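J.: Provide a 3D model corresponding to the input given below.
(4 chains)
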2 protein chains.
Amino acid sequence: MNECPESDAQQNGSDRVVSYFKERILKGELKVGDRVMPERELAQHLDVGRPLLREVMKSLVMLGFLNVRQGSGTYIAKADIRVLSDFFTFCLSQEQDVLEDVMQARMAIECQAIRLACERANESDLARIGQWLGTLIDTLTDPEAGGRADFMFHQSIVAASHSRALTTLYGAMAELLHRSHVQRRATTYRNPEIVRVLVDAHREVFLSIVAKDPDQADRRLRDHFAIGDELRRRSLIETYRGAPAKQTN
Amino acid sequence: MNECPESDAQQNGSDRVVSYFKERILKGELKVGDRVMPERELAQHLDVGRPLLREVMKSLVMLGFLNVRQGSGTYIAKADIRVLSDFFTFCLSQEQDVLEDVMQARMAIECQAIRLACERANESDLARIGQWLGTLIDTLTDPEAGGRADFMFHQSIVAASHSRALTTLYGAMAELLHRSHVQRRATTYRNPEIVRVLVDAHREVFLSIVAKDPDQADRRLRDHFAIGDELRRRSLIETYRGAPAKQTN
DNA sequence: ATCACAAGATTGGTAAGACCAATTATTTGA
DNA sequence: TCAAATAATTGGTCTTACCAATCTTGTGAT
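T.: Numbers count the residues shown, from 1 in each chain, chains lettered A, B, ... in the order given. Below you'll find the predicted structure:
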């Protein structure tokens, strides 16, 4: 039966199960939505015990490759990159000064995305970006809503690149940065002058996209990041100068 | 959302185990290298069966958060982003035209990295990049070694950014692109004129880094990608013109 | 004949016990 | 004192059993 000399060789049992799914999925024999064999049957087929099979399947479920419905069966799922967010969270908890680092990665993604957006954005995309820009202006006094509009503005730009890879990578990072930047953003938004500069920067970025000028859009976005960084830093200094040695949980 | 203070509430059992590790790791109570409780003991402590506990732990092992040594115990491991490579592989197998997409992401990372490299590269970094450029020139006739030198050249640039996030993301993508681009590279390297253009492009990129000019480096790298893309496309057309309608099973 | 509801079958969820294999700790003998 | 043998610890895996959710099917009322 299983005299397949290559893959089903004398593997670790656990590896055999992984190989089973890996090969079938990569070969396209198992497509999204397909149902896999019942656990007991599959365990017998692969010559492993059900607990071991379940260990591996549980891993694949956590990675988002399988979708399991009790009583019904287990199905191939469309891999969702949202799990990357959790993964990054874990990774970053083990490192110190990676926040700046991730910010760099985010900038990388977004600057590339805005170039693509200049080429591929349609009216609907532009409308959405413009809409969030409007919301941003309308919510200048509300740190919460304003921050959200800010985030959605950038998100819309990335979405307008129509690149799944960029969008998903960006999403994973954005959520991560969200946590640590909310407070700063709240602080920043209290200064009306800073708000004006930021709004102008956003508007210019938006106009560059409308003008379909990738280089200009890239440059303006980069400037925007640099300015935002500087402003945040200055605002932070001011905060600490007013209330030194403030403990943040 | 439902951050109940006593997270060991009446959860899914499976979730209870995940929470156990998640909280302790994020809180720093479990640090890299620490040993976790024996399975049987931990299972009893969390009031779950050993198989269920093992399912979750297996998942964490596959994600690289745990390192297990039979007979010795289970230890907290430094999360390795290399697993992202496998993850991407799975993801991409479920999508059609994502290759171009991932190429965009790679370009994004590398262009940002080269900007940082212009600021942060030290003599050692520059030497390494230059060394691979030399290797690249020395192995013009060897598609295998030449391709490797090409890859290492770009890798060195990203490494010179001294950004862990960028480096790991780049690594995940590079390995992925490696598979599908090896053939094209082999094809490309047969044309001496193309080789000359590529070598010049690499040299210019390198010189921009040495000159510490981020904008120029970014632009030249972008041009390099565009040219490489164009050349590959042309070379591909030529290939298919010679042998049209080749069926691949 | 059709539909609703209930009983049974299928399938995942979890637990318990047992045994094997690798490692580590302990004991014992030279 | 040291090294080999032995025991204890710990992960690796299988088997069995039972519970819970879902699906299938059969039966009875309309």
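J.: now A:Val17: how far from B:Pro192?
T.: Per CB to CB, to the nearest Å, A:Val17 is found 49 Å from B:Pro192. All C-beta atoms are positioned from the backbone trio N, CA, C, and that covers glycine.
J.: Please say which of those two ends up with more neighbours.
T.: Each of A:Val17 and B:Pro192 has its neighbours counted (other CB atoms under 10 Å in any protein chain shown); A:Val17 has more, 23 against 9.
J.: any idea how chain A splits into domains?
T.: By the record's domain assignment, chain A is partitioned as A:14-76, A:83-242 (automatic domain parsing).
J.: want to try TSV for the ones you listed, with mean pLDDT as columns?
T.: Shown next, in TSV, are the domains of chain A (pLDDT from 0 to 100):
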stretch	mean pLDDT
domain A:14-76	87
domain A:83-242	82
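J.: Just the CA trace of stretch A:134-146, in PDB.
T.: What follows is stretch A:134-146, C-alpha atoms only, in PDB (Å, rounded to 0.1, in the frame of the first residue of the first chain):
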ATOM      1  CA  GLY A 134     -12.000  63.900   5.200                       C
ATOM      2  CA  THR A 135     -12.800  62.000   8.400                       C
ATOM      3  CA  LEU A 136      -9.300  62.700   9.600                       C
ATOM      4  CA  ILE A 137      -9.900  66.400   9.200                       C
ATOM      5  CA  ASP A 138     -13.400  66.200  10.800                       C
ATOM      6  CA  THR A 139     -12.100  64.500  13.900                       C
ATOM      7  CA  LEU A 140      -9.200  66.700  14.700                       C
ATOM      8  CA  THR A 141     -10.300  67.100  18.300                       C
ATOM      9  CA  ASP A 142     -11.000  63.500  18.900                       C
ATOM     10  CA  PRO A 143      -7.900  61.500  19.500                       C
ATOM     11  CA  GLU A 144      -9.700  58.200  19.400                       C
ATOM     12  CA  ALA A 145     -11.600  58.700  16.100                       C
ATOM     13  CA  GLY A 146      -8.700  60.800  14.700                       C
END
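J.: Can you tell me which of the domains of chain A is most buried?
T.: With neighbours taken as mean count of other CB atoms under 10 Å in any protein chain shown, these reach their highest mean count in domain A:83-242, at a mean of 18.
J.: Tell me if it is near chain B.
T.: Yes - judged by CB under 8 Å from any CB of the partner chain, domain A:83-242 and chain B are in contact via A:83-84, A:87, A:89-91, A:93-95, A:98, A:101-102, A:104-105, A:107-109, A:111-113, A:116, A:161, A:163-166, A:169.
J.: Where does the one residue in chain A that gets nearest to DNA strand D sit: helix, strand or coil?
T.: Across chain A, the shortest distance to DNA strand D (CB to the nearest atom of the strand) belongs to A:Gly71, at 2.3 Å. Under the three-state scheme (DSSP: H, G, I helix; E, B strand; the rest coil), A:Gly71 adopts coil.
J.: And A:Met37, by the same measure?
T.: Classification of A:Met37 by three-state DSSP places it in coil.
J.: Tell me which residues touch it, please.
T.: With contacts taken as CB atoms under 8 Å, 6 or more residues apart in numbering or on different chains, A:Met37 has the following neighbours: A:His45.
J.: Phi, psi for it please.
T.: The phi and psi torsions at A:Met37 (degrees, to the nearest 10) take the values phi -60, psi 150.
J.: how near is the nearest residue to A:Asp223 once chain neighbours are set aside to B:Ile129?
T.: Among residues not flanking A:Asp223 along the chain, A:Ala201 sits closest, at 7.0 Å (CB to CB, 6 or more residues apart in numbering or on different chains). Here the criterion is CB to CB. By it, A:Ala201 lies 34 Å from B:Ile129.
J.: Quick one: the strands in chain A, in order.
T.: Remark: strands assigned in chain A by DSSP state E are A:66-69, A:73-76.
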